[in-house]
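Asks: Structure for this input, please:
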Amino acid sequence: MNLLQRIKDGATRVSEKAQNSVEIGKLNSQISDIEHEMEMEFLKMGKIFYEGYRSRDLSLAEGQMTEMSRSCLRLQDKIDALRSRIAELKNERLCKCGFIAPLDANFCPHCGRKMEQAASAPAPVIYAPAPDRQTDEQDRRGASAGPQEEPELYDYSHDDSEEEELPLPAPVAEYAGNVQDTERERRLADELERERERQLELDRRIRDWQGKGHEETEEDTGPRETVKCQICRADLPKGSMWCPRCGSEQI
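Replies: Numbers count the residues shown, from 1 in each chain. Coordinates of the predicted model:
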């Protein structure tokens with residue numbers, strides 16, 4: 001039973017990761033569309049500013065640029081919400097400065113800002129059923145009639161005939177075949193999970209590489225160096241300006 005449960009748990013994890021990967025792809029596509037829309041707004045703002053500068057009258061351009069700036073702020077809020085959702089799917093936390101911190105970090109390693117706690121789910125409300133009027137009347141009648149013998153709820157007597165009629169266990173050969181099938185399914189599920197994790201890690205590295213402007217450094221190719229926090233002695237990535245555990249600035 002434990003082996004079958006592990007196989008089911010592995011298949012469930014693979015399915016959840018696949019669904020998260022698909023949802024993350026959709027969210028990234030939405031972010032790209034919104035960023036393209038913001039770029040178009042920026043081009044319009046530049047054109048309006050140039051026309052006002054050319055006519056030596058920026059009073060008309062100021063009102064239009066203010067309205068477009070508000071529209072860009074609303075688009076940026078949508079992007080921040082989508083990025084927060086992506087970080088939630090990856091078990092990460094997004095700081096207000098845009099840095100992605102681990103889920104257990106109390107402070108941002110980049111700016112030192114205290115990370116906001118996730119909103120806890122509201123406690124479920126339990127409604128007590130209303131007392132039944134008919135049941136109350138029956139209780140009063142039973143009390144007036146006097147004590148009655150309580151029926152036996154459980155019968156703990158054992159019947160030897162029932163024990164003798166229990167079915168026999170399955171043959172040993174069939175059990176061995178089932179064990180081999182479950183072992184094969186478990187190995188297949190583990191291979192699928194490892195392949196999925198490798199693909200997710202590869203996609204993440206590609207996105208990080210593209211976001212940094214295709215800059216390749218020696219630190220990316222080798223193992224990442226860590227240093228100790230000057231206050232709490234926690235392990236920090238080399239170059240961190242703030243400790244994610246205690247929030248102290250690293251000098």
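Asks: Okay, now the unreliable bits of this protein?
Replies: Counting by pLDDT under 70, the chain contains low-confidence ranges at 1, 117-180, 211-224.
Asks: What segments of it are helices?
Replies: Listed in chain order, the helices of the chain (DSSP state H) span 2-54, 59-89, 133-145, 160-164, 172-211, 218-221.
Asks: Dump the ones you listed to TSV, plus distance to Arg113 and mean neighbour count.
Replies: In this view, the C-beta of every residue, glycine as well, is placed from N, C-alpha and C. TSV is the format used below for those (distance: least, C-beta to C-beta, whole Å; neighbours: other C-beta atoms under 10 Å):
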stretch	distance to Arg113	mean neighbour count
helix 2-54	22	13
helix 59-89	15	14
helix 133-145	59	9
helix 160-164	68	7
helix 172-211	21	12
helix 218-221	25	9
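Asks: can you redo those as TSV with distance to Pro102?
Replies: Shown next, in TSV, are the helices of the chain (distance: least, C-beta to C-beta, whole Å):
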stretch	distance to Pro102
helix 2-54	17
helix 59-89	10
helix 133-145	56
helix 160-164	57
helix 172-211	14
helix 218-221	19
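Asks: Out of these, flag the one nearest Phe107.
Replies: Closest approach to Phe107 among the helices of the chain is made by helix 59-89 (16.0 Å; C-beta to C-beta).
Asks: The closest one - contacts with which helices or strands?
Replies: helix 2-54, strand 92-94 (3 or more C-beta pairs under 8 Å, 6 or more residues apart in numbering; DSSP states H and E).
Asks: Now do the buried residues in the shortest one.
Replies: Neighbour-count burial for strand 92-94, with 16 or more other C-beta atoms under 10 Å as criterion, is recorded at Arg93, Leu94.
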